[in-house]
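> Return a 3D structure for these sequence lines:
(chains A and B)
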2 protein chains.
Amino acid sequence: MPLPFSLKPLLLGGALTLLAGCQAMNPAAELRGTGDLGVVVERATGSLALVDTSEREIIDRVEGLGDLSHASVKFSRDARYAFVFGRDGGLTKVDLLTGEIVERVIQSGNSIGGAISQDGNYVAVANYEPGGVKVFASDDLELIADIPATYENASGETERSKTVGLVDAPGNTFVVSLFEAGEIWTLDMATDDPKVQRYQEVGEMPYDALISPSGRYYIAGLFGEDGLALLDMWHPEAGVKRILPDYGRGEKRLPVYKMPHLEGWALAGDQAFFPAVGRHEVLVADTGDWSLIERIPVQGQPVFVMSRPDERQVWVSFAHPKNDVVQVIDTQSHEVVKTLAAGDSILHMEFTPRGEHVWISARDSDHVKVYDTETFEELATLPAESPSGIFFTDRAHRIGL
Amino acid sequence: MPLPFSLKPLLLGGALTLLAGCQAMNPAAELRGTGDLGVVVERATGSLALVDTSEREIIDRVEGLGDLSHASVKFSRDARYAFVFGRDGGLTKVDLLTGEIVERVIQSGNSIGGAISQDGNYVAVANYEPGGVKVFASDDLELIADIPATYENASGETERSKTVGLVDAPGNTFVVSLFEAGEIWTLDMATDDPKVQRYQEVGEMPYDALISPSGRYYIAGLFGEDGLALLDMWHPEAGVKRILPDYGRGEKRLPVYKMPHLEGWALAGDQAFFPAVGRHEVLVADTGDWSLIERIPVQGQPVFVMSRPDERQVWVSFAHPKNDVVQVIDTQSHEVVKTLAAGDSILHMEFTPRGEHVWISARDSDHVKVYDTETFEELATLPAESPSGIFFTDRAHRIGL
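Got it, this is the predicted structure:
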């Protein structure tokens, strides 16, 4: 099976390069609250559009962030700074108030995402090349810990694995999955010297993961087999168990055009909604025993399956070539209640903190659209350069986001 | 039965008095994120202590807020402004960045608390005297709507009821309970002209209420009978039903020294934890069918029963005279795992957004203490004048808080 990742051999593997260290102090910056701010990743131009979710406007632009294809963003504890994880291994700290880059390091050759610790002191990055996790101080991006993702391959040789699905958990812990190794690791950051706990043979090729809003359940999607791997963080002694195994047993799997994402958590009461890999389906599991309740047919291969904050709707985005719409599922009836044509190559969705609006990025339409989630009325269209990820600052206050 | 409220006859009943309207623009104010800010209500001095939860410090003080006994606070959508609901009917908008009062109105004779709408545009206040709800524009505190809480008493006369348990809900709706009337009302604020829906005969003397984090379940505690009243906001056609009826059947009720509060929501998986009125017990209900699972003995009459954000612990504060400790319940074992002596006359607790710390106010010790919720280590003691309510800005992003 071909790897689902496009691995670019890169020059800077492992090197830590400090590019900028200016302490931003822009007197022209406006005194304002940061609770209704957010960023839109503009992958074509390596820039961030800074947005105001009250005014539904782009208020500033930050450039010089490198390769932002597949970039993701976390926020500092005070909701002032964005940490941007670039595909080229760049980690950039951006001041949302001044629009300036505060710090920037090239910390690996190729990375996939990161997390910020419960106490806000540590920023961790999951790296592909070289495979492992690096932990930085959130204030100045000083390297605190470097944890290579080593494992023994089938021939008994020690190799390094790509790391994916890195999240924060309560107890100042990070959790990460190892793609080739088929492992899940927890990193306890009670001190600067992380304690690593390894869970082996969790399943074939974990490709992404999420953690429940309470931080209790860490769930990794598996690319090498049907099913997901579940670690109950309250009962680590029970180890990792497989859930929703063989959900497509005996059926032909479609070519996978884009890997689904498990960022976020689509939960409604005791139901969890997941994207099925390579199928035109959203899976519904019972969070009591993690059994499969239903497979909801949708119009394409789901990528993001996200719950509106009030859990009454689940919104689904799709893989190429059926990625010009999103669909809305009612969490009680399990029916698709709306199909919205939000633009070409829809890449991401983000709800406002209390769920009244959703922002949707359409890369090939070069716009972000804002909708009322109750009436589906279109409220705004914001021009952006090949927009992908959208992230709002309330994530600073959520476990696992 | 004596009313549990101390009703002060007041002069300004119904009058709307504009006290101040300065647009704060303090050049000395610091450019900073507002995600780690909060306020502590200082009831003796009518002031707010502004706090920084990263530094665990008091950073400023705002005075001139009137009678703040039993005051509560909501935050604007951008997490810059605090709306303070005073016992004397004062509604004050405070700028957390400049420490200045932006607007202040005396909007009734006696009020108990308020809420801010999902879209952030409306601030509603629940008033005792005269009984009803007033809705204001959040930007300038202009009066938008005045909804008297009228009902027909046993003699067929129209009276006004005190209003309690006012919360926001999805769909830009407010929900409120009427104490004497025994009713629950929803106010739909899709426009400036609220649509009112009344639910009658919900139970005897609803004294406070909460809404679940998803905004689905509105639950009012009943003072006039054992039990609570539940409105499923997803199924308003089903009306209000009684839950946990007769939880103390046949048992003698103790004198109630302080009414419990239902602010917040202590939830862990499919369990909800409530304070029992007049008993040394925390009640645990199954959120599937709302049946009583267990009554957990605690050291006094519970007032606040609050879940740590990761739902692994429930923290309990108590009524006079046993209010010099808080107790911590493990949500899996239902055992009290810790009793913490945090000071004299403990009035409130607030968790940091991701739950690593808890702040506890002890009125008669004139301090707020900060604890690590995992190790129970004491991290800080902050002096404050008769501190009561503690509120952090992440509430701006939560339904019902």
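> any idea which element the closest residue in space to residue A:281 that isn't next to it in sequence lies in?
Nearest non-adjacent residue to residue A:281, counting by CB to CB, 6 or more residues apart in numbering or on different chains: residue A:295, 4.6 Å away. Every residue, glycine included, has its C-beta placed from N, CA and C. Assigned by DSSP states H and E, residue A:295 belongs to strand A:292-297.
> ok, and for that strand, which residues are buried?
For strand A:292-297, the neighbour count (16 or more other CB atoms under 10 Å in any protein chain shown) marks A:295, A:296 as buried.
> Return the list of helices and strands in contact with the helix or strand following it.
Note on strand A:292-297: by DSSP H and E, the next helix or strand toward the C-terminus is strand A:302-307. Judged by 3 or more CB pairs under 8 Å, 6 or more residues apart in numbering or on different chains; DSSP states H and E, strand A:302-307 is in contact with strand A:266-268, strand A:271-275, strand A:281-286, strand A:313-318, strand A:346-351.
> does any bit of the fourth one sit next to chain B?
It stands for strand A:313-318. No. Using CB under 8 Å from any CB of the partner chain, strand A:313-318 never reaches chain B; the gap is at least 10.3 Å.
> now the angle between strand A:302-307 and that strand, please.
Angle of strand A:313-318 versus strand A:302-307, following axes from the mean of the first three to the mean of the last three CA atoms, to 10 degrees, is 170 degrees.
> Kindly reformat the helices and strands packed on strand A:302-307 as JSON lines containing mean neighbour count.
Listed next are these as JSON lines, based on neighbours: other CB atoms under 10 Å in any protein chain shown:
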{"stretch": "strand A:266-268", "mean neighbour count": "22"}
{"stretch": "strand A:271-275", "mean neighbour count": "24"}
{"stretch": "strand A:281-286", "mean neighbour count": "20"}
{"stretch": "strand A:313-318", "mean neighbour count": "24"}
{"stretch": "strand A:346-351", "mean neighbour count": "24"}
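> Which of those comes out lowest on mean pLDDT?
Lowest mean pLDDT within the helices and strands packed on strand A:302-307: strand A:266-268, a mean of 80.
> which residues sit against it?
Applying CB atoms under 8 Å, 6 or more residues apart in numbering or on different chains, the contact partners of strand A:266-268 are A:212-213, A:272-274, A:287, A:305-307, A:311-312, A:314, A:331-332, B:214.
> May I see the PyMOL selection of the buried members of these?
In PyMOL, this line selects whichever of the contacts of strand A:266-268 come out buried by 16+ other CB under 10 Å:
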select buried, (chain A and resi 212+213+272+273+274+287+305+306+307+311+312+314+331) or (chain B and resi 214)
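> quick one, what contacts the residue lying closest to residue A:192 once chain neighbours are set aside?
Of all residues not flanking residue A:192 in the chain, residue A:144 sits nearest, at 5.3 Å (CB to CB, 6+ apart). For residue A:144, the contact set (CB under 8 Å, 6+ apart) comprises A:122, A:135, A:136, A:137, A:192.
> Out of those, name the two that are farthest from one another.
Between any two of the contacts of residue A:144, the greatest separation by CB to CB is 11.1 Å, found for A:136 and A:192.
> thought residue A:183 was touching residue A:202?
Yes. Look at residue A:183 against residue A:202 with CB atoms under 8 Å: they come within range, at 6.1 Å.
> what's the overlap in contacts for these two?
Shared contacts of residue A:183 and residue A:202 (CB under 8 Å, 6+ apart): residue A:177.
> one step back: of residue A:136 and residue A:192, which one has the most company?
Counted by other CB atoms under 10 Å in any protein chain shown, residue A:136 and residue A:192 do not tie: residue A:136 has more neighbours, with 25 against 11.
> what does the helix or strand harbouring the more buried one contact?
Residue A:136 is part of strand A:132-137 when elements are defined by DSSP H and E. Contacting residues not belonging to strand A:132-137 are listed as A:91, A:105, A:107-108, A:121-127, A:142-149, A:160, A:163, A:166, A:174, A:176, A:185, A:187, A:189, A:194 [CB under 8 Å, 6+ apart].
> What subset of the residues you listed is buried?
A:91, A:105, A:107-108, A:121-127, A:144-149, A:160, A:163, A:166, A:174, A:176, A:185, A:187, A:189, A:194.
> give the contact list for residue A:168.
A:115, A:116, A:117, A:118, A:124, A:174, A:175, A:211, A:215, A:399, A:400, B:354.
> quick check, it in a strand?
Yes. Under DSSP: H, G, I helix; E, B strand; the rest coil, residue A:168 sits within a strand.
> what's across from the closest residue to it other than its chain neighbours in the sheet?
Residue nearest to residue A:168 in three dimensions, not counting chain neighbours: residue A:115, with 4.5 Å by CB to CB, 6+ apart. Residue A:115 has these beta-bridge partners by DSSP bridges: residue A:124.
> same question, residue A:160
Judged by DSSP bridges, the bridge partners of residue A:160 are residue A:150.
> related to what we said a few turns ago, return the subset of the contacts of residue A:168 lying in helices.
Of the positions in the contacts of residue A:168, not one sits in helices, assigned by DSSP state H.
> Would you format these as TSV with pLDDT and distance to residue A:360 included?
Shown next, in TSV, are the contacts of residue A:168 (pLDDT from 0 to 100; distance: CB to CB, whole Å):
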residue	pLDDT	distance to residue A:360
A:115	97	24
A:116	98	25
A:117	98	30
A:118	97	30
A:124	98	29
A:174	98	30
A:175	98	29
A:211	94	24
A:215	95	28
A:399	94	25
A:400	92	22
B:354	97	27
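> out of those, who's nearest residue A:338?
Taking CB to CB as the measure, residue A:400 is the one of these closest to residue A:338, at 27.2 Å.
> and that closest one, how many residues sit next to it?
Number of residues near residue A:400 (other CB under 10 Å) recorded here: 23.
> quick one on the thing from earlier: will you turn the helices and strands packed on strand A:302-307 into JSON lines that also has distance to residue A:207?
JSON lines is the format used below for these (distance: least, CB to CB, whole Å):
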{"stretch": "strand A:266-268", "distance to residue A:207": "18"}
{"stretch": "strand A:271-275", "distance to residue A:207": "11"}
{"stretch": "strand A:281-286", "distance to residue A:207": "16"}
{"stretch": "strand A:313-318", "distance to residue A:207": "17"}
{"stretch": "strand A:346-351", "distance to residue A:207": "17"}
